[in-house]
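>>> What follows is a predicted structure for the sequence shown.
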Amino acid sequence: MQVNNYSPVFCGYKSDFGRKLDKYLSKDIHNKTEERLLTDIFSKIVPDKMIPKNEIGRGCHGTVYEIDDDYVFKISNHSTPKIGKISIMTDNVVNILKTYYGSVIARIGNMEIMKNAFKTKDILSAGLPMRWMSRGEKLEYYNNVYLKRFCEIPQSAYDKIAEDFKMLNSIGKEFDTKNPNNFTADGNDIKIVDEISNTDEVNPNTLAKLFKVFINSYDVSETAEFDYLAVPRRKALIKKLILASEKCELPYYCNFEDRMELNLAMELCDMPKGFSEIQYTLMDYRKKYPDINTRLQKISEFLDEYNKPDADTISFYC
């Protein structure tokens, strides 16, 4: 889902609906009077909220509107709001994930209520925005806006994503990594804002999927292309992804498509030998250095050798 690059001012604003929803969610037993009061308030605010200035994200299937600093609601594109019975959603897995904000808290009619993920003015989705861009604009934006921003995000943010990948692997679920827009920077954090799905794959959340999101994809339907000027930032970002993956000992791949993603990332980073050489070293270090801090230091040194620039580059796009 593409998140709009808007600049909210967070002052702890809580709507009347938000306060009553908090109270409603805090109870194990709900009565009809409380339910009617909540749905009545919601029915009155929906028309005022469904305007462009309150739109904070739009995907292929739905649009998200802000209610207040704590809550948002999502409705299917081209649908007319229908107020109906409220139902509370519970998912214990979601509560222990560190980066996931796409879970539905409640449904009212044909609309879904979710937590408002974003708490800073510094918001940017991975990949390219959902609008037409010329080839030159794509290359310039991808390197000087997207890659520049995500290279500045601390290692700890990528570590949290890898930890959530590992958690989902243990329960047979996966993130949607087809669309990089699902991964959004919010200050020094990265938040995942789309659905979690069940899967029959064994350990589907892999290093290759991290590469697919952050290195290989412009958007949900377009693969990124090679750009020599973007190589230094791509290499820097790949280092962060590998270190995060190794900290959690994620699998490198789970199927043939994953293998293709690993090698594509190497091509985009001007590493024609492919991922095999790096994989052999990582596997060797997992055996050789059981202490995780020592291993990460050795991996960092190894990747620094790989990432040495061949020549100075200039910021120029045709």
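Yep, it's here. All of these numbers come straight from a predicted model, not from anything done at the bench. Residues are numbered from 1 along each chain as shown.

>>> just for the protein, where's the confidence low?
1-12, 91-92, 309-318 (pLDDT under 70).

>>> Tell me where it has helices.
With DSSP state H as the criterion, the chain has helices at 16-25, 32-49, 92-96, 135-141, 148-152, 155-171, 207-211, 231-248, 256-268, 276-288, 292-306.

>>> most neighbours per residue, which of those?
Most buried of the helices of the chain, by mean neighbour count (mean count of other Cβ atoms under 10 Å): helix 207-211, with a mean of 28. The way it works is simple: take the backbone N, C-alpha and C, and place the C-beta from them, glycine included.

>>> For residue 116, find the nearest of the helices of the chain.
Each of the helices of the chain has some distance to residue 116 by Cβ to Cβ; the shortest is helix 16-25, at 9.3 Å.

>>> Give me the most central residue, the protein.
Residue closest to the average C-alpha location in the chain (Cα atoms, centre = their mean): residue 183, at 1.8 Å.

>>> Skip the chain neighbours and tell me the closest residue to that one.
residue 126 (4.4 Å; Cβ to Cβ, 6 or more residues apart in numbering).

>>> Would you agree the one you found is in contact with residue 186?
No - Residue 126 is not in contact with residue 186 according to Cβ atoms under 8 Å; the separation is 11.9 Å.

>>> who's more crowded, these two?
Set residue 126 next to residue 186 and count neighbours by other Cβ atoms under 10 Å: residue 126 wins out with 23 against 20.

>>> pretty sure the residue nearest to the centre of the chain is touching residue 189, no?
No - proximity of residue 183 to residue 189 does not meet the contact threshold set by Cβ under 8 Å, at 10.8 Å.

>>> Can I get the helices of the chain in CSV including distance to residue 111?
As requested, these are exported to CSV (distance: least, Cβ to Cβ, whole Å):
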stretch, distance to residue 111
helix 16-25, 12
helix 32-49, 7
helix 92-96, 19
helix 135-141, 32
helix 148-152, 31
helix 155-171, 26
helix 207-211, 30
helix 231-248, 35
helix 256-268, 35
helix 276-288, 45
helix 292-306, 44
